[in-house]
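Visitor: no letters, just coordinates:
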């Protein structure tokens, strides 16, 4: 039986400051800030609020 930990990568990915900041730039950043409400998350995922809460 394979270890449940075998799918976890041990490689350390180094993100640049630009890569970290990129999702929070532009039009989407106005509608979806780094911390979103359940309503915003549902809209972003194209799902209902009920799905987010379940």
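Guide: Sure, I can see it. A quick note: this is a predicted structure, and the numbers were derived from the prediction, not measured. Numbering: from 1, shown residues only.
Visitor: which residues of the chain score low on pLDDT?
Guide: Applying pLDDT under 70 to the chain flags residues 1-9.
Visitor: spatially nearest residue to residue 53 (excluding sequence neighbours)?
Guide: Among residues not flanking residue 53 along the chain, residue 38 sits closest, at 6.4 Å (C-beta to C-beta, 6 or more residues apart in numbering). Using the backbone N, CA and C atoms, a C-beta is placed for each residue, glycine as well.
Visitor: these two touch, right, that neighbour and residue 50?
Guide: No - here residue 38 does not reach residue 50: they are 9.8 Å apart, not a contact under C-beta atoms under 8 Å.
Visitor: and the two? which has more neighbours close in?
Guide: A count of neighbours by other C-beta atoms under 10 Å puts residue 38 above the other of residue 38 and residue 50, at 12 against 9.
Visitor: against residue 18, how distant is that one?
Guide: 30 Å (C-beta to C-beta, to the nearest Å).
Visitor: and residue 44, by the same measure?
Guide: Taking C-beta to C-beta, one finds residue 44 at 22 Å from residue 18.
Visitor: now do residue 32
Guide: From residue 32 to residue 18 the distance is 19 Å (C-beta to C-beta).
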